[in-house]
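Participant: Sequence first, predicted coordinates after that:
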Amino acid sequence: MFTYEIERLFSPSECAEIIRLSQSNGQNTVGLVGGKLQGDVRRAKISWLDDEGSGAWVMNRIMSAVAKANREAFDFDITEFKERLQVAVYDENDEGHYDWHSDVGNGPIAQFRKVTVVTQLSGVADYEGGSLEINMGSSVVTANRAQGNAMLFASFMLHRVVPVSKGTRYSLTCWSHGPRFR
């Protein structure tokens, strides 16, 4: 199994606090790995949470979720979390989206990604479009949009966020790491 869903990983009030923490750090328009802007591939703003300070409670919850999912579904060799927590903002004003991509790459950290965790921070009524879709080969799985739910999947899987057509979608992303897949 290459996907795993956790309902209510965070409560609505915790989701609001994560968004608040992300806004206090400032948000930047983001490109792809290496910082290259490609609006046809990705339109979003991101910020990084301090996972050892004000966001430590968020990281602790994510680490517990990954440990459980890895025991029950993935059985990957996960050894650490090399990257901070990322909050992405997809807004209707720029048709925020992220086209099909994999989270495993040639970068010095991306090559070690094992499990991607995407948690829905916005409420269902806060936006339209913006669904997280995961390509399963012969089918596409759409992540549950319920606020606080997390979708975990193997980082090598193709996935995307379809364009937001109304409102704003906030999501929290984190990656676990270990020896490269072979």
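Facilitator: Structure received.
Participant: ok, and for stretch 89-100, which residues are buried?
Facilitator: Neighbour counts over stretch 89-100 (16 or more other CB atoms under 10 Å) mark 89, 90, 91, 92, 96, 97, 98 as buried. The C-beta positions use only the backbone N, C-alpha and C, and glycine is treated the same way.
Participant: which SSE is the last one in?
Facilitator: When elements are assigned from DSSP states H and E, residue 98 belongs to strand 97-101.
Participant: Can you name the next helix or strand after that strand?
Facilitator: Assigned by DSSP H and E, the successor of strand 97-101 is strand 113-120.
Participant: That following strand pairs with which strands, parallel or anti?
Facilitator: strand 150-154 (antiparallel), strand 164-177 (antiparallel) (DSSP bridges).
Participant: between those strands, which one is nearest to residue 85?
Facilitator: strand 164-177 (5.2 Å; CB to CB).
Participant: can I get the CA coordinates of that closest one in PDB?
Facilitator: Output of strand 164-177 as PDB, limited to C-alpha atoms (Å, rounded to 0.1, in the frame of the first residue of the first chain):
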ATOM      1  CA  VAL A 164      -8.200  26.600  -6.800                       C
ATOM      2  CA  SER A 165     -11.200  28.300  -8.400                       C
ATOM      3  CA  LYS A 166     -12.600  30.000  -5.400                       C
ATOM      4  CA  GLY A 167     -11.200  31.000  -2.000                       C
ATOM      5  CA  THR A 168      -7.900  29.900  -0.400                       C
ATOM      6  CA  ARG A 169      -6.500  26.400   0.400                       C
ATOM      7  CA  TYR A 170      -3.900  26.100   3.200                       C
ATOM      8  CA  SER A 171      -2.000  22.800   3.600                       C
ATOM      9  CA  LEU A 172       0.800  21.500   5.700                       C
ATOM     10  CA  THR A 173       3.500  19.300   4.100                       C
ATOM     11  CA  CYS A 174       6.300  17.400   5.700                       C
ATOM     12  CA  TRP A 175       8.600  14.700   4.500                       C
ATOM     13  CA  SER A 176      10.400  11.800   6.300                       C
ATOM     14  CA  HIS A 177      13.800  10.700   5.100                       C
END
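Participant: Return the distance of it from the chain's centre.
Facilitator: On the basis of CA atoms, centre = their mean, to the nearest Å, strand 164-177 sits 6 Å off its chain's mean C-alpha point.
Participant: Show me what counts as buried in that strand.
Facilitator: For strand 164-177, by 16+ other CB under 10 Å, it's 164, 167, 168, 169, 170, 171, 172, 173, 174, 175, 176, 177.
Participant: of those residues, closest to residue 132?
Facilitator: The closest of those, once distances to residue 132 are taken by CB to CB, is residue 171, at 7.3 Å.
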